[in-house]
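>>> here is a sequence with its predicted model. Questions after.
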Amino acid sequence: MLCKTINLLKARMAMNPISKRADLDSLIDRFNWKATNLRKLEDIRERINRTDSLSHFDELRARKRLLRRLCFCSEDDTIALKGRIACEISTGDELVLTELLLDGFFSQFSPVQLAGVMSCFVAEKQTKHHKINLSPAMKKAIKSIHVRFSLLLMINSPVFTN
């Protein structure tokens with residue numbers, strides 16, 4: 001049975017037009033070189049994917065640590081009420097807005113003032129600086145937002161610096 005299979009394969013090889021070429025050994029060497037390099041390429045791609053996954057994993061771990069520090073989730077990664085509120089905010093800086101919302105920051109403003117304060121979070125493009133006269137209450141509000149944002153940056157900075 002095995003001899004029959006071997007003879008069949010030899011006959012098929014003899015019928016193949018490539019087997020009659022004078023440069024057959026060169027073709028086989030080139031094929032082997034290409035196959036070896038394709039395996040090396042696949043190994044390199046796999047290493048790149050593993051490295052990329054590790055960098056994403058480190059970033060994910062750092063983000064989870066930040067969310068725990070700010071009490072957006074618990075130590076066992078359960079999303080807290082604060083985290084659920086942040087998830088519902090789709091425009092602006094979710095963390096800063098959630099902190100301000102839960103601190104009652106927005107309750108001190110009239111609807112007109114609140115619209116002005118909230119516009120700080122949805123402005124897409126900064127235009128030329130025009131002299132804007134802000135009321136003392138609005139200046140205080142913007143300063144409070146800057147302080148809160150600075151605090152979050154301070155908490156965030158050791159997380160992403162390695």
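Okay, I see it.

>>> any regions of this structure where pLDDT drops low?
The chain contains residues with pLDDT under 70 at 123-130, 156-162.

>>> and the helix ranked longest in it, what does it pack onto?
What stands out as the longest helix in the chain, according to DSSP state H, is helix 24-69. Using 3 or more Cβ pairs under 8 Å, 6 or more residues apart in numbering; DSSP states H and E, the elements in contact with helix 24-69 are helix 136-160. The way it works is simple: take the backbone N, C-alpha and C, and place the C-beta from them, glycine included.

>>> and the helix it packs on, how far out from the chain's middle?
How far helix 136-160 lies from its chain's middle: 24 Å, per Cα atoms, centre = their mean, to the nearest Å.

>>> outside of the following helix or strand past the longest helix of the chain, which residues touch it?
Later in the chain than helix 24-69, the nearest helix or strand by DSSP states H and E is helix 81-88. With contacts defined as Cβ atoms under 8 Å, 6 or more residues apart in numbering, helix 81-88 is touched by 67, 70, 71, 72, 73, 79, 94, 95, 97, 98, 101, 102.

>>> could you measure the spatially most central residue of the chain against residue 64, distance?
By Cα atoms, centre = their mean, the chain has its centre lying nearest to residue 56, at 6.8 Å. Distance, residue 56 to residue 64, by Cβ to Cβ, to the nearest Å: 12 Å.

>>> from residue 8, how far off is residue 106?
Distance from residue 106 to residue 8, by Cβ to Cβ: 83 Å.

>>> which one's more surrounded, these two?
residue 106 (14 against 10; other Cβ atoms under 10 Å).

>>> quick check: chain neighbours aside, which residue is closest to the more buried one?
Excluding its sequence neighbours, the residue lying closest to residue 106 (Cβ to Cβ, 6 or more residues apart in numbering) is residue 114, at 5.9 Å.

>>> pretty sure the one you found sits against residue 107.
No. Contact criterion Cβ atoms under 8 Å: residue 114 and residue 107 do not qualify, at 9.2 Å.

>>> neighbour count winner among these two?
It is residue 114, of residue 114 and residue 107, that has more neighbours when counted by other Cβ under 10 Å, with 14 against 8.

>>> so which strand or helix has the more buried one?
helix 111-122.

>>> for that helix, buried residues please.
116, 117, 120 (16 or more other Cβ atoms under 10 Å).

>>> next, the angle helix 136-160 makes with that helix.
If you take axes from the mean of the first three to the mean of the last three Cα atoms, to 10 degrees, helix 111-122 sits at 30 degrees to helix 136-160.
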